[in-house]
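Student: sequence first, predicted coordinates after that:
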Amino acid sequence: MGRRRGSAHPERGPGAAPSVSGRDRIGRRRGSAHPERGPGPAPSVSGRERVGRRRGSAHPVGGPGPTGPGSSRRSRAYPGAVGSEGTPVRCIGHLDCDAFFASVELLRRPELRGKPVIVAHDGPRSVVTTATYEARKFGVGSAMPLATAKHRCPQAIVVPPDHDAYREASAEVMGIVRDEVEIVEQVSVDEAYMDLTAMAMPKSAMRRLQARILRETQLHVSLGIGPNKLVAKLASDAEKPRGFCVMDRRDAWRRWADASPGLLGGIGPKTTDDLARRGVDTIRALSKVDEATLSEWYGARNGPWLWRRCRFDDDTPVVPVREPVSESRENTFSVDLADRDEQEAELRRLSIKLFEALEGQGRRGRTVGIKVRLKDFTTITRSRTFPHPVVDEEALADTAVGMLREYDPPQPVRLLGVRMASLELEDGPGVQLTLPLSTG
């Protein structure tokens, strides 16, 4: 799926570590006298993990400075190191769900696993939303015209997007992330930055987070850890899918110095083309242009920003966005429910619990959704959006049950859930809605 490009001019906030407040979500390992200070050298590299610092290096790893990749001036040390004044250098994580929309579709239609699947509306002007990795092997990519994708991969199965299902899955994943990490900035439906600086063992924490997301949602994510947002995002992309990559600025320089400047988030196609016309077509070449010249070319703000960007230097803070977009209640049964009356009774119970929770928070929602997971782990979601907020618990329960009846689960049910989205604060007593319900 396409990723939202970062701002061309990211906020240049402080790079210092946040104070430790609340609980350190992961903390140090039991019995360990030396907490893990961050992703340093690993004794071995296994699977997809790539640890950035060179073996035997006794010095913090910096990045390409003003005179080249080895300079320490204006560079940051590796994540978890301590600066000259005793201030911990930031440790930032980036999480990206692998082929998110396609992966959600495979959970709903497990018979498509292992096949080339394209998520797109099927029409003459449609473009690819995302595709499974089996389809990507044929050169199919996000934002590609569907006709081109079908030409490259004629055997591909086209599935229409279901954004309600994607929002539901996103809420599950991000809920787990926020449960494990104190400071989280969700930047899209399938992407988030995490400030791990206050954690004693960030690498171990991210390993456990990756495993928990897979265990509880059956979705794979890739994780990157670095000293800033820029490096962390590059690291999460580096070993996809199911990747886990720890990288410092010098590692990023070694890996991408000869790549196009367009690789760096915030440097768009127009700037990339303009740099190329000036003979600057790689990150290495960009690093050789002095700051004053870049300021002449692109202005007093953008020039210094580009100078730092090509050195993989980024002090943009992780800014939590705490406004909830939805809330849900669900239950996984120890014994699968086959009886329809029992299923409906449970869904009503969950609906009432959800409504009471929202009422206590002074919030209402206009979108009602359900989640049903069958015996074979097939998961479906359904939702309805109304022009006005739902203000009565019975209306919420009736709507949820109506969608369950419409779906008519073909197997015993192992999980039921109900969700309210499009949340807003209460404004007056509200009006009782007459909701169109299915009686079938």
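Tutor: Done, it's in.

Student: below-threshold pLDDT in the stretch 201-350 of the chain: ranges please.
Tutor: Within the stretch 201-350 of the chain, the ranges that satisfy pLDDT under 70 run 321-324.

Student: ranges for the helices of it?
Tutor: Counting by DSSP state H, counting those that start in this stretch, the stretch 201-350 of the chain has these helices, from start to end: 202-217, 229-238, 249-256, 269-277, 283-287, 291-309, 340-361.

Student: can you lay out the ones you listed as TSV showing distance to R109 and mean neighbour count?
Tutor: Where C-beta positions appear, they are placed from N, C-alpha and C, glycine not excepted. Listed next are the helices of the stretch 201-350 of the chain as TSV, based on distance: least, Cβ to Cβ, whole Å; neighbours: other Cβ atoms under 10 Å:
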stretch	distance to R109	mean neighbour count
helix 202-217	16	18
helix 229-238	27	24
helix 249-256	37	22
helix 269-277	36	14
helix 283-287	41	21
helix 291-309	41	16
helix 340-361	21	17
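
Student: would you turn those helices into a markdown table with distance to R113?
Tutor: Putting the helices of the stretch 201-350 of the chain into a markdown table (distance: least, Cβ to Cβ, whole Å) gives the following:
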| stretch | distance to R113 |
| --- | --- |
| helix 202-217 | 15 |
| helix 229-238 | 24 |
| helix 249-256 | 32 |
| helix 269-277 | 36 |
| helix 283-287 | 38 |
| helix 291-309 | 40 |
| helix 340-361 | 27 |
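
Student: what residues go with each domain of this structure?
Tutor: 92-97+165-254, 106-161, 259-310, 326-425 (the TED database).

Student: chain center to the second one, what's the gap?
Tutor: Once both centres are worked out by Cα atoms, centre = their mean, to the nearest Å, domain 106-161 turns out to sit 21 Å from its chain's centre.

Student: repeat for the first one
Tutor: In terms of Cα atoms, centre = their mean, the centre of domain 92-97+165-254 is found 7 Å from the chain centre.

Student: and the end-to-end length of that domain?
Tutor: 20 Å (Cα to Cα, to the nearest Å).

Student: same thing with stretch 171-189?
Tutor: End residues of stretch 171-189 are separated by 8 Å (Cα to Cα).

Student: buried ones in that stretch?
Tutor: Neighbour-count burial for stretch 171-189 flags 171-178, 180-187, 189 (criterion: 16 or more other Cβ atoms under 10 Å).

Student: how about stretch 237-250?
Tutor: Quick answer for stretch 237-250 (16+ other Cβ under 10 Å): 237-241, 243-250.

Student: check stretch 153-163 too.
Tutor: Neighbour-count burial for stretch 153-163 [16+ other Cβ under 10 Å]: C153, A156, I157, V158, V159, P161, D162.

Student: adding secondary structure, pLDDT and distance to F138, write the residues you listed out as JSON lines.
Tutor: Below are the buried residues of stretch 153-163 laid out as JSON lines (DSSP: H, G, I helix; E, B strand; the rest coil; pLDDT from 0 to 100; distance: Cβ to Cβ, whole Å):
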{"residue": "C153", "secondary structure": "coil", "pLDDT": "96", "distance to F138": "4"}
{"residue": "A156", "secondary structure": "coil", "pLDDT": "95", "distance to F138": "8"}
{"residue": "I157", "secondary structure": "strand", "pLDDT": "95", "distance to F138": "13"}
{"residue": "V158", "secondary structure": "strand", "pLDDT": "94", "distance to F138": "14"}
{"residue": "V159", "secondary structure": "strand", "pLDDT": "93", "distance to F138": "16"}
{"residue": "P161", "secondary structure": "coil", "pLDDT": "88", "distance to F138": "20"}
{"residue": "D162", "secondary structure": "coil", "pLDDT": "87", "distance to F138": "24"}
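
Student: before we move on, back to that, and P317, which of the domains of the chain is closest to it?
Tutor: Closest approach to P317 among those (Cβ to Cβ): domain 92-97+165-254, 7.7 Å.

Student: mind listing what T272 touches?
Tutor: For T272, the contact set (Cβ atoms under 8 Å, 6 or more residues apart in numbering) comprises S260, P261, G262.

Student: 10 Å instead?
Tutor: Neighbouring residues of T272 by Cβ atoms under 10 Å, 6 or more residues apart in numbering: S260, P261, G262, L263, L264, V280, D281.

Student: find the nearest non-adjacent residue to the first one, please.
Tutor: It refers to S260. T272 (6.2 Å; Cβ to Cβ, 6 or more residues apart in numbering).

Student: any idea how far that neighbour lies from P124?
Tutor: As judged by Cβ to Cβ, to the nearest Å, T272 and P124 stand 31 Å apart.

Student: returning to that earlier point: so which of the helices of the stretch 201-350 of the chain gets nearest V401?
Tutor: In terms of Cβ to Cβ, the element of the helices of the stretch 201-350 of the chain nearest to V401 is helix 340-361, at 5.0 Å.
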